[in-house]
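> only the shape, not the letters, is given here:
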């Protein structure tokens, strides 16, 4: 990396911030995309790391905050594309730590939310490598918030279920009880589900979820390329294909999606009026409980 590509990191408030030590690996969440959603601990790690091993969904602007002398290694895993094997990534972290490097493993979203951070951390511990875990904002929460969708709302849900749309083989997870999920959770948030959206839809409707249930698909959440499709369970596959909505995407199923009609804050910031200030049809002001 060269100085011409560097951004100036903000000065950290005066406090006793943790120092990276040689031979340690910090597993750090980079958030869903917008560099502004980094934690201060993550910024602190960027300012110290000797080497950064990062995922595909880490924004280039975030990587530009590394020191000019920092080695940056790509270790992205994208469905359907050539990717590094997980075993190789984990063992590479071990080797870098044993070489005395200050290692930053930078993962999109939160490392422990469908990010394989648990696997990598366990490998490091089993090889005697000390670790630090720094959580990040998960796309299933932060990405939906940028779309104007609250993952919980008292008038909609007292439960939310986060699921992954594919397993280690790339297929729809066979261990998931979709019928139980459909019956037991008012709002369902699906990571990495675009490839098998037709199967997921069929399983949910077979379990009784209504055809007209609101669905939102947020692609490239929190980035300048963010796109949000508001659709229904019965038409989501066709609508996504028609509009060219592709991965990476977060899929939200449930009436919480309706709140985007009032809370699409990016549209409001652009001067557009809210489409509906009472999308749940409560018939009274929101402050009146």
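Looks like it arrived, so ask away. Because the structure is a prediction, the values reported are computed rather than measured.
> what sits opposite residue 216 in the beta ladder?
Per DSSP bridges, the residues bridged to residue 216 are residue 230, residue 252.
> contacting residues for it?
For residue 216, the contacting residues are 144, 147, 149, 228, 229, 230, 231, 251, 252, 257, 260, by CB atoms under 8 Å, 6 or more residues apart in numbering. (C-beta placed from N, C-alpha, C; glycine too.)
> got a markdown table for those, with neighbour count too?
Below are the contacts of residue 216 laid out as a markdown table (neighbours: other CB atoms under 10 Å):
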| residue | neighbour count |
| --- | --- |
| 144 | 28 |
| 147 | 26 |
| 149 | 27 |
| 228 | 25 |
| 229 | 19 |
| 230 | 20 |
| 231 | 20 |
| 251 | 28 |
| 252 | 25 |
| 257 | 26 |
| 260 | 25 |
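> looking at these, which is nearest residue 102?
residue 144 (33.9 Å; CB to CB).
> show me what the helix or strand hosting the closest one is packed against.
Assigned by DSSP states H and E, residue 144 belongs to helix 144-146. Where contact means 3 or more CB pairs under 8 Å, 6 or more residues apart in numbering; DSSP states H and E, helix 144-146 is packed against strand 214-219.
> still on that earlier bit, pLDDT and distance to residue 35 added to the contacts of residue 216, as JSON lines?
As requested, those are exported to JSON lines (pLDDT from 0 to 100; distance: CB to CB, whole Å):
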{"residue": "144", "pLDDT": "98", "distance to residue 35": "19"}
{"residue": "147", "pLDDT": "98", "distance to residue 35": "18"}
{"residue": "149", "pLDDT": "98", "distance to residue 35": "22"}
{"residue": "228", "pLDDT": "98", "distance to residue 35": "20"}
{"residue": "229", "pLDDT": "98", "distance to residue 35": "25"}
{"residue": "230", "pLDDT": "98", "distance to residue 35": "27"}
{"residue": "231", "pLDDT": "98", "distance to residue 35": "30"}
{"residue": "251", "pLDDT": "98", "distance to residue 35": "24"}
{"residue": "252", "pLDDT": "98", "distance to residue 35": "24"}
{"residue": "257", "pLDDT": "98", "distance to residue 35": "27"}
{"residue": "260", "pLDDT": "98", "distance to residue 35": "24"}
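> what's the end-to-end length of stretch 258-267?
Its first and final residues considered, stretch 258-267 spans 15 Å by CA to CA, to the nearest Å.
> next, count neighbours for residue 90.
Using other CB atoms under 10 Å, residue 90 has 20 other residues around it.
> next up, the contacts around the nearest residue to it once chain neighbours are set aside.
Nearest residue to residue 90, sequence neighbours excluded (CB to CB, 6 or more residues apart in numbering): residue 123, at 4.0 Å. Counting by CB under 8 Å, 6+ apart, residue 123 makes contact with 90, 91, 93, 94.
> tell me the buried residues within those residues.
Buried by 16 or more other CB atoms under 10 Å: 90, 93, 94, out of the contacts of residue 123.
> just curious, which of those is nearest to residue 190?
residue 90 (26.0 Å).
> how near is that closest one to residue 38?
Counting by CB to CB, to the nearest Å, the gap from residue 90 to residue 38 is 24 Å.
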